[in-house]
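Asker: Sequence and predicted structure below; questions after.
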Amino acid sequence: MQSSKQKKKEKSIGKPKERENYAAFDASDQIASTISILEKMKSGFLLSNGEAQKQQQKQLQILREENEKLKEQLKSYETAWKEMGNLWNWVTNKYKS
């Protein structure tokens, strides 16, 4: 019974040789690989962030152009509304007299 518990324990922990290889992975190697990964992530982030910024600028320009067109339409509608108001006043004043 004791031997089966011991076997399970050894299987869950791993073989001693595997643990030695893991321990052989030096702390300086870990730091160097971590720095390398962070630099890659940073450069990828800046690249994608730059592309995103270009997309935002393009979208902003499109929205500004649309806004100007809508302002022009609004001015024409306001002019038409004033003209209709003047026409309405003229018609009502003509029939009142």
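Answerer: Good, I have the coordinates.

Asker: now the chain, which segments are flagged as low pLDDT?
Answerer: 1-27, 45-48, 97 (pLDDT under 70).

Asker: the strands in it, which residues?
Answerer: Per DSSP state E, the chain carries no strands over any range.

Asker: max-length helix in it?
Answerer: The longest helix of the chain (DSSP state H) is helix 27-96.

Asker: Check which helices and strands that helix sits against.
Answerer: Using 3 or more CB pairs under 8 Å, 6 or more residues apart in numbering; DSSP states H and E, no helix or strand is in contact with helix 27-96. Using the backbone N, CA and C atoms, a C-beta is placed for each residue, glycine as well.

Asker: let's have the chain start at 21 instead
Answerer: Got it, the first residue is 21 from now on, which makes the last one we talked about helix 47-116.

Asker: What is the neighbour count of Ser96?
Answerer: Ser96: 10 surrounding residues under other CB atoms under 10 Å.

Asker: ok, now the one 10 residues further on?
Answerer: Close neighbours of Asn106, defined as other CB under 10 Å, add up to 10.

Asker: any idea how far it lies from Tyr97?
Answerer: Going from Asn106 to Tyr97 by CB to CB, to the nearest Å gives 15 Å.

Asker: Same check on Ile51?
Answerer: According to CB to CB, Ile51 stands 66 Å off from Tyr97.

Asker: and if you look at Ser63?
Answerer: Noted for Ser63: a distance of 51 Å to Tyr97, by CB to CB.

Asker: Ok, Trp110 next?
Answerer: On the measure of CB to CB, Trp110 and Tyr97 end up 20 Å apart.

Asker: Likewise for Ser48?
Answerer: Ser48 is 72 Å from Tyr97, by CB to CB.
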